[in-house]
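Undergrad: attaching a predicted model along with its sequence, questions to come.
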Amino acid sequence: MEDDILGMSNSKTKTIFVQAIAWLILPVFLVMACPAPRALAVTSDFSRSYIVKLNSPGNFSELLPIAQNINHRFLGMQAEEFKNIYTFDSNYSIADLKIALNGHFNYLQTNRTLQTAGVVVNDPGFSSNGQDIDKQWGLIKSGFDNAWNKTVGDKRNIVAVIDTGIDQTHEDLKNIFYVPGFDFISKQGLSVGSNSDDNGHGTLVSGVLGAAANNGIGIAGTNWQITLMPLKALDSSGKGDVVAIAEAIVWATDHGAQFINLSIGGIGFGHDTALANAVSYAFARNVLLVAAAGNDSSATGSNLDQSPIFPICDDNNFNMVIGVAAIDKDDIKPEFSNYGRNCVDVVAPGKRILSTINFDPLSKKSAPNSYAYASGTSLGVPFVVGQAALIKALYPFATNVQIRDRIISTAEQIDNLNLTQCAGVSCRGLLGAGRINVPKSLETAIAQNFSEGDLVKDQNTGAVYQILGGQKRLVSPFVLNQKFSDRPVKILNSNDLSTLPSGSYITPIDGTLIKLDNEPTVYILDNGLKLPITYQVFMQRKLSFAQVNTLSYSEVNSWQTGSFYSPAEGTLVKSTQNKTVYWVIGQTLHPINYGFYIDRGLNLFPVLAVSKTDLNGFAKGEAYIR
């Protein structure tokens, strides 16, 4: 940690600057349908857009007197639910249109206009100008603004910041996500919401990585959704021993971190077996480590091939650490940044970076809710970690190796701009693959050993899973035989599956009857839920006890329980203790009033009387009244 903090300002004195940016553009299909009109009074002097599904195919003449800009939608699509759908504009209200088109349409709705989500980056330190060194030029230079169109991160991604601690009370850091951390100097736990930074460096790094975006204050982090884990291994002077760093790496790995931010290194930080082993330990458990190239006191930086520093060079011959050197707004390596073919993988913004801080570097006094400009390779590391977290958010199956390789393979080569910056000679080959390009790293999916929906078998345990929703979900022998008897199963080892969280068991086919051994309740599977069946409904629907399958507790208990399975469609139901009659439509009980009951001739049919307890267990819908 040898960063130069150039200047600091308190948030209360900063001029607010608002910069809008469109993000998360969603492709949408907007549809409408049409029926037949009668004389209407125009209720509005402006046109609205509607969507209608007609009952009669190929005939939209009913719309002509009341509509403009009629468009037939979903052309060429075979599904019945998307046939005869039209969009149109009209000056009439939806209520008047429904009256005019009565009996001629399946549904009629307002055709709402969708647009980009409307979230803008209004943090005063943000700028869309990549040359504005007084604001966050590094985000633009790296392409984070364009990457946010695809993803703004995922709070399930946990980054361990091994540094001087984090001031979680800072105005721009207090509302982001944290997990508990640890202080390896005092040997005490760090609770969520605490201030563990007595130097400012860890808070500086954390601001680049995850400062709250779009909150109207301060700056925006690389990820709008991310979780930080504060691990204090450096003291108030910014120094710490190698063993403390190694301890922190192992602790982070054991406590769920997927990424480790190591904005540390420099003269005197030599190779150590414990550190090398800690790096190997994390890397083998799918953790991505990113470390700084360090800032040398010489005029041109040092060549790490000749004078390696650690942990950046602790790659153990397998490139286990992404090494990061610094560049300025023009892709030029600053004089302070180290370089080297063997240890540097990429470069990232690291000169005059605006970020959060909680200490005045000159007076060494506390300065709450402040911001500073700082320079150093330490600042480049969180840009790369932030890129890695966005990749993981978009491609949650990606391994640390795949993310590492994607970051390196999509970097922009800048050797031709650095012809004399490495000890007076060309930096060709000494700045890794070049400057990170975040949107390019998100362009294409990352290949993996399995895909959504695949059936996979753990060759070590014999367990069969289906990959769904980023989870591995157990498939019992019963369901495997019932549902997937003709499906191929991929054989994978436990390491291939270790990155996936476990979900519930895969459910049997809808309509399957199940129960637990020694328990009387019978359930029916419906759309992923298990619905309890009352004895009356079981008999009314003519279900058979011979078709009930007894399954394990762990399997059945993993599925969510829904409302009671309803009586047959069209059944009239009432409680033995109440006069209200319900009509079963779409497996939902709708209360009906006396007028509706008589008007529809329902009084001619029998009513199923059930207990009040059973009635309360059925799903209820809107009332049907005359």
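TA: Everything's here; your move.
Undergrad: please parse this protein into its domains.
TA: With domains defined by automatic domain parsing, the chain comprises 48-110, 137-441, 455-497, 513-557, 572-617.
Undergrad: report the beta-bridge partners for Gly323.
TA: Ala291 (DSSP bridges).
Undergrad: what pLDDT does it get?
TA: Predicted confidence (pLDDT) for Gly323: 96.
Undergrad: likewise Phe126?
TA: At Phe126, the pLDDT recorded in the model is 96.
Undergrad: tell me how many other residues crowd it.
TA: Close neighbours of Phe126, defined as other Cβ atoms under 10 Å, add up to 25. (Glycine included, C-beta is placed from N, CA and C.)
Undergrad: which phi and psi does it have?
TA: phi -80, psi 140 (degrees, to the nearest 10).
Undergrad: any idea how far Asn223 is from it?
TA: Per Cβ to Cβ, to the nearest Å, Phe126 is found 14 Å from Asn223.
Undergrad: also Trp148?
TA: Taking Cβ to Cβ, one finds Trp148 at 9 Å from Asn223.
Undergrad: might one say that Arg285 is in contact with Val250?
TA: No - Arg285 is beyond contact range of Val250, at 9.8 Å (criterion: Cβ atoms under 8 Å).
Undergrad: deepest-packed of the domains of the chain, please.
TA: Among the domains of the chain, domain 137-441 has the highest mean neighbour count (mean count of other Cβ atoms under 10 Å), at a mean of 22.
Undergrad: what's near enough to touch Arg404?
TA: 288, 319, 322, 345, 388 (Cβ atoms under 8 Å, 6 or more residues apart in numbering).
Undergrad: go through the domains of the chain and name the closest to Ala623.
TA: Nearest to Ala623 among the domains of the chain is domain 572-617; the distance by Cβ to Cβ comes to 4.7 Å.
Undergrad: residue ranges of the strands in the stretch 151-300 of the chain, please?
TA: Along the stretch 151-300 of the chain, the segments classed as strands by DSSP state E, counting those that start in this stretch run 153-163, 177-178, 181-183, 188-190, 225-232, 259-262, 288-292.
Undergrad: angle of the fifth one against strand 153-163?
TA: The directions of strand 225-232 and strand 153-163 differ by 10 degrees, with axes from the mean of the first three to the mean of the last three Cα atoms, to 10 degrees as the criterion.
Undergrad: quick one: average pLDDT of strand 225-232?
TA: 98.
Undergrad: swap in the second one?
TA: When pLDDT is averaged along strand 177-178, the result is 98.
Undergrad: from the contact counts, what lies against that strand?
TA: Using 3 or more Cβ pairs under 8 Å, 6 or more residues apart in numbering; DSSP states H and E, the elements in contact with strand 177-178 are strand 225-232.
Undergrad: centre of the chain versus the strand it packs on, how much separation?
TA: Distance of strand 225-232 from its chain centroid, counting by Cα atoms, centre = their mean, to the nearest Å, is 16 Å.
Undergrad: partners of it in the sheet?
TA: With DSSP bridges as the test, strand 225-232 is paired with strand 153-163 (parallel), strand 177-178 (parallel), strand 181-183 (parallel).
Undergrad: to Lys620, which of those lies closest?
TA: That would be strand 153-163 among the strands paired with strand 225-232, by Cβ to Cβ, at 35.1 Å.
Undergrad: what's downstream of the longest helix anywhere in the chain, the next helix or strand?
TA: Counting residues, the longest helix found in the chain (DSSP state H) is helix 377-394. Next helix or strand after helix 377-394 toward the C-terminus (DSSP states H and E): helix 400-409.
Undergrad: quick one, phi psi at Lys440?
TA: Dihedral angles for Lys440 - degrees, to the nearest 10 - are phi -60, psi -30.
Undergrad: for it, give me the pLDDT.
TA: 95.
Undergrad: contacts only, for the residue nearest the centre of the chain.
TA: Closest residue to the average C-alpha location of the chain: Asp154 at 3.4 Å, with Cα atoms, centre = their mean. Counting by Cβ under 8 Å, 6+ apart, Asp154 makes contact with 225-226, 389, 392-393, 396.
Undergrad: roughly how far does it sit from Asn106?
TA: 39 Å.
Undergrad: same deal with Pro57?
TA: For Pro57, the distance to Asn106 - Cβ to Cβ - is 12 Å.
Undergrad: for Leu354, same thing?
TA: Taking Cβ to Cβ, one finds Leu354 at 56 Å from Asn106.
Undergrad: one more: Pro230?
TA: Applying Cβ to Cβ to Pro230 and Asn106 gives a distance of 56 Å.
Undergrad: try Ser370
TA: Per Cβ to Cβ, Ser370 is found 61 Å from Asn106.
Undergrad: you'd agree Leu480 is up against Val464?
TA: Yes - judged on Cβ under 8 Å, Leu480 makes contact with Val464 at a distance of 5.8 Å.
Undergrad: quick check: closest non-adjacent residue to Leu572.
TA: Of all residues not flanking Leu572 in the chain, Val607 sits nearest, at 4.4 Å (Cβ to Cβ, 6 or more residues apart in numbering).
Undergrad: what pLDDT does that neighbour get?
TA: If you check Val607, the pLDDT there is 96.
Undergrad: so it makes contact with Gly570?
TA: No - with contact defined as Cβ under 8 Å, Val607 does not reach Gly570; the gap is 12.0 Å.
Undergrad: can you list the weak-confidence ranges in this structure?
TA: 1-47, 58, 112-120, 266-271, 297-300, 447-448, 469-470, 499 (pLDDT under 70).
Undergrad: most distant residue from the centre of it?
TA: The C-alpha centroid of the chain is most remote from Leu604, which lies 54.9 Å away (Cα atoms, centre = their mean).
Undergrad: quick one: Trp137 from Ile353, how far?
TA: 8 Å.
Undergrad: return the alpha-carbon coordinates of stretch 60-79 using PDB.
TA: Taking Å, rounded to 0.1, in the frame of the first residue of the first chain, the C-alpha atoms of stretch 60-79 are listed here in PDB:
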ATOM      1  CA  PHE A  60     -60.900  -6.200 -36.900                       C
ATOM      2  CA  SER A  61     -63.600  -4.100 -38.700                       C
ATOM      3  CA  GLU A  62     -65.100  -3.400 -35.300                       C
ATOM      4  CA  LEU A  63     -62.100  -1.300 -34.400                       C
ATOM      5  CA  LEU A  64     -62.200   1.000 -37.400                       C
ATOM      6  CA  PRO A  65     -64.800   3.600 -36.100                       C
ATOM      7  CA  ILE A  66     -63.000   3.900 -32.700                       C
ATOM      8  CA  ALA A  67     -59.300   3.300 -33.400                       C
ATOM      9  CA  GLN A  68     -56.300   4.600 -35.200                       C
ATOM     10  CA  ASN A  69     -52.900   3.000 -36.000                       C
ATOM     11  CA  ILE A  70     -54.300  -0.500 -35.800                       C
ATOM     12  CA  ASN A  71     -51.500  -3.100 -35.900                       C
ATOM     13  CA  HIS A  72     -51.800  -6.900 -36.000                       C
ATOM     14  CA  ARG A  73     -49.200  -8.300 -33.500                       C
ATOM     15  CA  PHE A  74     -47.500 -11.700 -33.000                       C
ATOM     16  CA  LEU A  75     -47.900 -12.500 -36.700                       C
ATOM     17  CA  GLY A  76     -46.600 -15.900 -37.700                       C
ATOM     18  CA  MET A  77     -46.700 -17.300 -34.100                       C
ATOM     19  CA  GLN A  78     -48.700 -20.500 -33.700                       C
ATOM     20  CA  ALA A  79     -49.700 -20.400 -30.100                       C
END
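Undergrad: understood, closing this out.
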